[in-house]
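1. Sequence first, predicted coordinates after that:
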Amino acid sequence: MKHAQPGNESVVSVESDSDRPVRRRGFSATVALVIVATLAVAASLVAFSVFRPTPPGLATASVPSEVQLVAEELTDARAVELTAQLGDDASLPSPTSGTLTDSSCTAGGDLVSGGSSFKVGETPLVSLHTSTPLWRDLSYGLKGLDVTALQVALAGLGYDVSETDTFDWQTWSAWDDLVESVYGDTKQGELALAQVLWLPSATISVQSCPVPLGQTAAQGEALVDLANPLLSASVKSYPTDLVPGARKLTLEGVDVAIDEAGAVTPEGLSVLAGTNALAKYAASPDDASIQAELVLVGATTVYAVPPAAVAMTSETGGCVATPDGGSLPVAVVSSKLGRTYVSFPEPPTAAAVKAVATKDLACS
């Protein structure tokens, strides 16, 4: 409303409330809250990205300060291939003549020293392996390499015989017991060559049995045909990084003895000759091979520890630290997959060792 004052030409303008500009306080507050909230969320995202927790599956495991000692049996098995030398086909001659009245000979079977697979007339033939072939009848007092070979063979079969180089009563008694075990008879103080089927090894693989039951076996003619005899065998490429210790070969559940150079011993050849692997090889030497495992004769007790747990004092020796502050000497046997296998000269007196040994650790 405008009012005119008397005697005063000035005009006073009065504004009503409706004419004043409105201040939008509520809108400004809302915007401020939105900004604050946005900044808070952004700050949270930054904090999470910097300090976000590591998933349990990806967390780095803490390194143990001690390692428990757990005994393991180490055979140090290595897969190897054998080379073999085979002889020409051979046969075993009959030591006597007569009708074959009994036979357990089968193609693909074996003849074993100390047993009997044939009977000619009423006489069982004793299969016997001796290092020197028996070539004569023996009686009390005779001496020679054949007598010694007989004594060694009888002792190997479990009979109580001494190597005297003389065919004595003890030797005859053992021979008589062996013949009786196959239901045969002997004469007092004598060994009759006609009763002995000599074998070139303790076990012989049979290729064929040429004399049928009921037919005549002629002295000196083939009674058994043998597949190519095994003359020698050895490890083809003998490993050089082996754990120290005597070795043997294993295949088809049997042990084959070898020497330090990996050559199969005479006793091992007898065992190897009776395996299916050798039979397959003999049938096709160019296409087949003889596979075996090279293992320690006696397993070695070892303990797996981290490499840092051993303070080396020599090329293969070292010390490990015990939790109580002591130390123990060890021999480093082998390393595999980040673990060092050690053996103790005596059973360890501690149940654990420190995971890290100081480089200057000395064995107490």
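-> That came in fine, so what should we check first? Numbers count the residues shown, from 1 in each chain.

2. host element of the closest residue to Gln291 other than its chain neighbours?
-> Once flanking residues are discounted, Gln291 sits nearest to Glu81: 6.0 Å by Cβ to Cβ, 6 or more residues apart in numbering. C-beta coordinates here come from the backbone N, C-alpha and C atoms, glycine included. Using DSSP states H and E, Glu81 sits within strand 78-86.

3. okay, that strand in PDB with CA atoms only?
-> What follows is strand 78-86, C-alpha atoms only, in PDB (Å, rounded to 0.1, in the frame of the first residue of the first chain):
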ATOM      1  CA  ARG A  78      64.200 -96.700 -11.300                       C
ATOM      2  CA  ALA A  79      62.700 -98.200 -14.500                       C
ATOM      3  CA  VAL A  80      65.400 -99.800 -16.600                       C
ATOM      4  CA  GLU A  81      65.700-101.900 -19.700                       C
ATOM      5  CA  LEU A  82      67.800-105.000 -19.900                       C
ATOM      6  CA  THR A  83      69.900-106.400 -22.700                       C
ATOM      7  CA  ALA A  84      70.200-110.100 -23.000                       C
ATOM      8  CA  GLN A  85      72.400-112.500 -24.900                       C
ATOM      9  CA  LEU A  86      70.800-115.800 -25.900                       C
END
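
4. Please, where are all the helices along this structure?
-> For the chain, applying DSSP state H gives helices covering 25-51, 145-156, 169-181, 266-273, 276-283.

5. Report the distance from the fourth one to the chain centre.
-> In this case it means helix 266-273. Averaging C-alpha positions (Cα atoms, centre = their mean, to the nearest Å) puts helix 266-273 20 Å from its chain's average.

6. who's in contact with Ala263?
-> Contacts for Ala263 were tallied using Cβ atoms under 8 Å, 6 or more residues apart in numbering; they are Ser232, Ala233, Ser234, Val235.

7. would JSON lines of those with neighbour count and pLDDT be doable?
-> Below are the contacts of Ala263 laid out as JSON lines (neighbours: other Cβ atoms under 10 Å; pLDDT from 0 to 100):
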{"residue": "Ser232", "neighbour count": "13", "pLDDT": "92"}
{"residue": "Ala233", "neighbour count": "26", "pLDDT": "95"}
{"residue": "Ser234", "neighbour count": "17", "pLDDT": "96"}
{"residue": "Val235", "neighbour count": "20", "pLDDT": "96"}
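
8. So which of the residues you listed are in strands?
-> With DSSP state E as the criterion, strands contain Ser232, Ala233, Ser234, Val235 from among the contacts of Ala263.

9. hmm, back to that, from what I see, the residue nearest to Gln291 and Ser289 are in contact.
-> Yes. Assessed by Cβ atoms under 8 Å, Glu81 is found in contact with Ser289 at 5.5 Å.

10. Thank you, goodbye.
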